[in-house]
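Asker: Make a model of this:
(2 chains, ligands or ions: 1)
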Amino acid sequence: MEKFTTLISHAVPLDIENIDTDQIIPARFLKATDRTGFGDNVFRDWRFTKEGDLNTSFPLNNPEYSGHILVAGDNFGCGSSREHAAWALADYGFKVVVSSFFADIFKGNALNNGILPIQVSEGFLRTLLDQIHQNPKLRLKVDLEPQTIGIEGSDEIAEFDIDPYKKTCLINGYDDIEYLLSLKDEIEAFEVQKNYL
Amino acid sequence: MKKTLFDKVWDSHVVKTIENGPQVLYIDKHLIHEVTSPQAFKELEVRGIPVFRPDHIVATADHNTPTIDQHLPVKDELSRKQLEQLSQNCKKHNITLYELGHKYNGIVHVMAPELGITQPGMTIVCGDSHTSTHGAFGTIAFGIGTSQVAQVFASQCLLLRKPKSLRVNVNGQLKKGVLPKDVILYIISQLGTNSGTGYFCEYAGDVFENMSMEGRMTVCNMSIEMGARGGMIAPDETTFEYIKGRPFAPKDAEFETKKAYWKSLRSDQDAQFDKEYHFSAEDIEPMLTYGTNPGMGIKISENIPVENNASFKKALDYMNFNAGDSLIDKPINYVFIGSCTNSRIEDFRVAANYIKGKQKAENVTAWLVPGSKQVEAQIIEEGLKDIFDDAGFELRQPGCSACLAMNDDKIPQNEYCVSTSNRNFEGRQGQGSRTILASPLMAAATAVEGKIIDITKHLN
Ligand code: SF4
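Answerer: Reported below is the predicted structural model:
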């Protein structure tokens, strides 16, 4: 997994609540057996009209907006557990998603793919969305070590929470599998004790 | 310390607690299917890791399978490849697979309970958010992402923080025409789609105690729709009776030993929950959703609420509904009875009981999709298929089908579908489709009338 420490980037505002993983990547694109290429179809049915034309009013298609940070409405990532949603966002180029609330499974999937989900207060989310709408060229600064996110060059800064274990993983680029494999003896001992085999 | 049902099962599966970090939780059963497993198998391959405990894994093909002509090769090339990959992976790693056409094949959350694979006190995971279904047996069961599927392959464990506890109590007598689906749609409409996030839910009260296992599965299935990773119901005689005699259930003396343990799986009196809600059964009516998430639900007697919020308006625009309207008499052209929420035998009995002697409305395309080969066989055996045939309904072969429309079972653009599935997200049942979630009884009635009716006025 890629390491994550700091990021300074423009951001794309997506002022919609309850964005579910079916919107992030619709089911008909889940037939692939690899992790790659999902970025082409991220938010497919919002980015394109029913006739297949580019929907120019959708923020991701607005040339004014760019960057590796997605700022989205409350309860982001609800619904299906499909990790394809995290793969699609990562493949499209997002490294950070900011919202006032994340669904559990999405949050875990994001962290397992090196995407940092940052939960901020509703007030701060509003500030970010409003400011980005007003000035698409502003940049956000995310600093994982002190757990802060802010608008570059302003004193609008907020702290965010992250599981200390997950933080260590992100900073060092570790993932859970390696750690679990290192516990093999303890897991086997547990099985014997529980009479599982 | 007083313990909840959840505590008891969770704590007995903790291999290790990392200081200041998550716990290592042992997983008893890992269910897999064709859509969320291939990338996990690949990851193992790339890292050169074997599957640690293949005999704790059971696989089925369900999400991406056709529901007609299952004996023929799958036409869609990508789907066929995905299914072939599952077969190859299972063969290579010695994993039991019930592939298309196998007598045990079915939707993962229908198949495992009916085979007796799901048992109280277990931890069960699957790369599918509706794994919460298995909680009906007093099981900790939850959906995971594909990276976690790979972790379980590699170590039979997951790294997790223990969720907080939530209890939803419903007591009283349910009204006529109110089904388990209505109970859970009602709860979600009251609590919202993220009230359970970060929590594991226990359902308690006489409404659940009096419910069949099928009904309990319908309820636990939709726990994820209020954000909860899972939901569970304490096992009791109804649970034990259901499990007894199933192909993979413990037998004879072993069953009795297990049962004695299973009986201990209930929340201690005075156990503390982080959040608790109480509802009365009498307040619940047949439910319908009007929006684009499962929390946007109303009683059949209610009108669509009026709210001044952009996301709410976006949802109504998508559905082409007006705030303040009633859904009664809305013409409907599509009806889907199926999905891991409502595709068990009891659901088809409810539908058949209503449909018997009536005819499907001309304008309606109705798909009845059993949850498994076993359910399909039972539908035929009990003579329900004859009732459906006589009334002009089409009984299809098992699978997820129009619940997520990965196969050809898609609801056309702009069409409404009264569906017994669990999600009414935009495009969930096909691009531009509009889903109204309901019980199998409401769905059957809609198919017969060609429009939404107030079912309570049609029951004697
Ligand atoms: S029936 Fe629907 S919700 Fe259930 S497992 Fe299949 S796709 Fe998921």
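
Asker: so how many other residues sit close to residue 6?
Answerer: In the absence of a named chain, this looks at chain A. By other Cβ atoms under 10 Å in any protein chain shown, the residues close to residue A:6 number 11. Every C-beta, even on glycine, is put in place using the N, C-alpha and C of the backbone.

Asker: Switch to chain B, please.
Answerer: Neighbour count of residue B:6, defined by other Cβ under 10 Å: 28.

Asker: how about the nearest residue to it, chain neighbours excluded?
Answerer: Of all residues not flanking residue B:6 in the chain, residue B:200 sits nearest, at 5.1 Å (Cβ to Cβ, 6 or more residues apart in numbering or on different chains).

Asker: which residues are contacting whichever helix or strand that neighbour is part of?
Answerer: Take DSSP states H and E as the rule and residue B:200 turns out to sit in strand B:199-204. Here strand B:199-204 makes contact (Cβ atoms under 8 Å, 6 or more residues apart in numbering or on different chains) with B:4-6, B:140, B:142, B:163-170, B:216, B:219-220, B:223, B:226-234, B:267, B:273-275.

Asker: Which helix in chain A has the most residues?
Answerer: helix A:122-134 (DSSP state H).

Asker: which one is the residue of chain A found nearest the ligand nearest to, not counting chain neighbours?
Answerer: In chain A, no residue comes nearer to the ligand than residue A:80, which is 7.2 Å away by Cβ to the nearest ligand atom. Once flanking residues are discounted, residue A:80 sits nearest to residue A:21: 4.6 Å by Cβ to Cβ, 6+ apart.

Asker: residue at max distance from the center of chain A?
Answerer: residue A:195 (39.9 Å; Cα atoms, centre = their mean).

Asker: Quickly note the distance from it to residue B:28.
Answerer: Counting by Cβ to Cβ, to the nearest Å, the gap from residue A:195 to residue B:28 is 12 Å.

Asker: Let me know the pLDDT of residue A:49.
Answerer: pLDDT, residue A:49: 88.

Asker: For it, which residues are in contact?
Answerer: Contacts of residue A:49 by Cβ under 8 Å, 6+ apart are residue A:55.

Asker: next one: residue B:214
Answerer: So residue B:214 contacts B:180, B:344, B:345, B:346, B:347 (Cβ under 8 Å, 6+ apart).

Asker: go again using 10 Å as the cut-off
Answerer: B:110, B:113-114, B:136, B:180, B:242, B:342-347, B:349-350, B:371 (Cβ atoms under 10 Å, 6 or more residues apart in numbering or on different chains).

Asker: Nearest residue to the residue in the stretch 201-350 of chain B that the ligand sits nearest to in space, please, no chain neighbours.
Answerer: Closest to the ligand within the stretch 201-350 of chain B is residue B:340: 3.3 Å, counting by Cβ to the nearest ligand atom. Among residues not flanking residue B:340 along the chain, residue B:109 sits closest, at 4.0 Å (Cβ to Cβ, 6+ apart).

Asker: Check the contact between the one you found and residue B:141; I expect there is one.
Answerer: Yes: Residue B:109 lies in contact with residue B:141 (Cβ atoms under 10 Å); the separation is 8.7 Å.

Asker: tell me the contacts of the nearest residue to residue B:222 once chain neighbours are set aside?
Answerer: Take residue B:222 and drop its neighbours on the chain: the residue closest to it by Cβ to Cβ, 6+ apart is residue B:184, 4.5 Å away. Contacts for residue B:184 (Cβ under 10 Å, 6+ apart) come out as B:168, B:170, B:203, B:215, B:218-223, B:225-226, B:231, B:284, B:287, B:294, B:297, B:341, B:422, B:437, B:439.

Asker: Okay, helices next: where are they in chain A?
Answerer: Secondary structure of chain A (DSSP H): helices at A:21-24, A:44-47, A:84-92, A:104-111, A:122-134, A:164-172, A:176-181, A:184-194.

Asker: and the fourth one, anywhere near the ligand?
Answerer: Same thing as helix A:104-111. No: Helix A:104-111 stays clear of the ligand (Cβ under 6 Å from any ligand atom), getting no nearer than 13.0 Å.

Asker: Let me know whether that helix sits next to chain B.
Answerer: Yes: using Cβ under 10 Å from any Cβ of the partner chain, helix A:104-111 comes into contact with chain B via A:104, A:105, A:106, A:107, A:108, A:109, A:110, A:111.

Asker: shaky segments in the chain?
Answerer: Using chain A. For chain A, the stretches flagged by pLDDT under 70 are A:196-197.

Asker: that's the wrong chain, I meant chain B
Answerer: For chain B, the ranges with pLDDT under 70 are B:460.

Asker: just the residues of it that are near the ligand, which are they?
Answerer: Proximity of chain B to the ligand (Cβ under 6 Å from any ligand atom) is limited to residues B:62-63, B:107-109, B:128, B:130, B:339-340, B:400, B:403-404, B:421-422.

Asker: and of the residues you listed, the nearest to chain A?
Answerer: residue B:404 (4.5 Å; Cβ to the nearest Cβ).

Asker: Following the chain onward from the lengthiest helix in chain B, which element is next?
Answerer: Determined from DSSP H, the single longest helix within chain B is helix B:77-92. Where DSSP H and E defines the elements, the next helix or strand beyond helix B:77-92 is strand B:96-98.

Asker: Tell me who's in contact with residue 64.
Answerer: Since you didn't name a chain, this refers to chain A. Residue A:64 touches A:10, A:12, A:132, A:133, A:135, A:136, A:137, counting by Cβ under 10 Å, 6+ apart.

Asker: wait, I meant chain B there
Answerer: A:27-28, A:30-31, B:33-35, B:74, B:76, B:78-80, B:82-83, B:86, B:399-400, B:404, B:406-407.

Asker: any idea which element residue B:39 lies in?
Answerer: Using DSSP H and E, residue B:39 falls in helix B:38-47.
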